[in-house]
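got a sequence here, can you build the structure:
(2 chains)
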Amino acid sequence: MAISKIKRGSAELAILSVLAEERLYGYQVAHRIAERTQGELRFTLASLYPMLYTLERRGWIKGAWENSTSGRKRRYYRLTAAGSKQLAPLRREWEGFFRAIARLTGVAHA
Amino acid sequence: MRNWEQFIHERVAHSNRCADLEPEVTEELAHHFEDVCEAGMEAGCSEQESARSALMEVRNWPRLAMQINEARGGTKMLKQRIQTLWLPAMMNMTAAFTVLLGGLMLLNKPLRGPVMSSNPAPLYLVWLLVLPAMGATAAYWSRRAGGSVAVRATAALFPAITMLVTFFAILMHAVFVDHDTSSTNIFMQVGGSALGAVMLPAAALLVGALPFLRKVPKTADPRIVTD
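Numbering: from 1, shown residues only, chains lettered A, B, ... in the order given. A predicted model of the protein is given here:
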């Protein structure tokens, strides 16, 4: 239960982090996160898109229809300036949290 | 290849508990399904298996639609609420009270037709007979705009709900402001009036609305078929 809550809470950070590197469309965001976390964090369509639209409404990311490399239309998301500003404090917050958990439990910080 | 846009539209529209998604959103979700299917097939799964795993991505369509509509912005939700509830409800109330008050004004005019008399009972009966049409219109309007069953029922019953609130306010005023608790008269009076002005109109409105309160049966077959 706690793990799923932590996963949910860190979802924003995960999305913003991958979008900080490059523009991606929804499926790519989910795929990239699963790949980077070796499957520890997995987004389904149902969990991803409400989050993407929420971040977009906040102005942290911006979506736009573009043609993908295969020539198909996809809605690409990119991090906005406001999103970039949010990312640094979010990262610090989560680093602090995981350090605290590591100290508490003795689990080595990855 | 399955028509995912059509599939999503059917799952959301026929769930009957939420408004449809914006076309842009439907298209984006459809592309996501396509990508999941393609990835599955590239990994060696059959088209059916891939489509099945894509469908596992969403377990509760009404919930997803609601979350997405909320995430897309409050103005859309407000607009949707106005279209599904407030417009039909206000139209219904205005029509119901216009007919009633118009009839009462006619009764009070010195020149009355042969049918009309100073006795309000015929007018009341005519009003009750007209109310099902108003309830039906409100429920139909709400359903067309994508209102849920509960919203449709509220829109249809709105005149009766308004009267109920009014009677409750009168009762509270009588008891707590006028301190008219000397007898059960006030309760009898309000109770009797509530029956005529709330219960029976509510029943009449509901009779008209009933055909539009049924859930639309789900036509989308959850089985995977390749179109």
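
where exactly do the helices run in the chain?
I'll assume chain A. Taking DSSP state H, the helices of chain A run over residues A:2-21, A:26-36, A:45-58, A:81-105.

you answered for a different chain; I wanted chain B.
Counting by DSSP H, the helices of chain B are B:4-13, B:23-42, B:47-55, B:61-72, B:74-81, B:87-108, B:121-144, B:149-172, B:185-194, B:200-209.

residues of chain A that sit close to chain B?
Residues of chain A lying near chain B by CB under 8 Å from any CB of the partner chain: A:25-27, A:31, A:44-46, A:48-51, A:53-54, A:57, A:72-75. No exception for glycine: its C-beta is placed from N, CA and C like everyone else's.

from residue A:76, how far off is residue A:67?
10 Å (CB to CB, to the nearest Å).

so for the chain, the centremost residue is which one?
Going with chain A. residue A:15 (1.5 Å; CA atoms, centre = their mean).

hm, I was asking about chain B
Nearest to chain B centroid, counting by CA atoms, centre = their mean: residue B:152, 1.6 Å.

residue B:142 is in contact with that one, correct?
Yes. Contact criterion CB atoms under 8 Å: residue B:152 and residue B:142 qualify, at 4.3 Å.

PyMOL command to pick out the buried ones of the residues of chain A next to chain B?
To isolate the buried ones among the residues of chain A next to chain B in PyMOL, judged by 16 or more other CB atoms under 10 Å in any protein chain shown, type:
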select buried, chain A and resi 25+26+27+31+44+45+46+48+49+50+51+53+54+74+75
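
so what's the residue nearest to the centre of chain B up against?
B:84, B:138-139, B:142-143, B:209, B:212-213 (CB atoms under 8 Å, 6 or more residues apart in numbering or on different chains).

on that earlier part again, what is in contact with residue B:152 and residue B:142 at once?
B:84, B:212.

residue B:213 and residue B:151: what is the separation?
In terms of CB to CB, residue B:213 sits 10 Å off from residue B:151.

compare those two (neighbour count), which wins?
residue B:151 (23 against 16; other CB atoms under 10 Å in any protein chain shown).

would you agree the residue nearest to the centre of chain A is in contact with residue A:51?
Yes. Here residue A:15 reaches residue A:51: they are 6.3 Å apart, a contact under CB under 8 Å.

pLDDT score for residue 34?
Since you didn't name a chain, this refers to chain A. Reading off the confidence values, residue A:34 has pLDDT 92.

if you could check chain B rather than the one you did, that'd help
The predicted local confidence for residue B:34 is 92.

that one - nearest residue in space that isn't next to it in sequence?
residue B:4 (6.2 Å; CB to CB, 6 or more residues apart in numbering or on different chains).

worst-scoring helix or strand of chain A, pLDDT-wise?
One helix or strand of chain A scores below all others by mean pLDDT, DSSP states H and E: helix A:2-21, with a mean of 79.

next to chain A, which bits of chain B? Give me the list.
B:24-25, B:28-29, B:31-33, B:35-36, B:39, B:56-60, B:63-64, B:67-68, B:70-73.

make a PyMOL selection of the buried ones in those.
Selecting the buried subset of those in PyMOL, with 16+ other CB under 10 Å as the burial test, is done by:
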select buried, chain B and resi 25+28+29+31+32+33+35+36+57+58+64+67+68+71+72
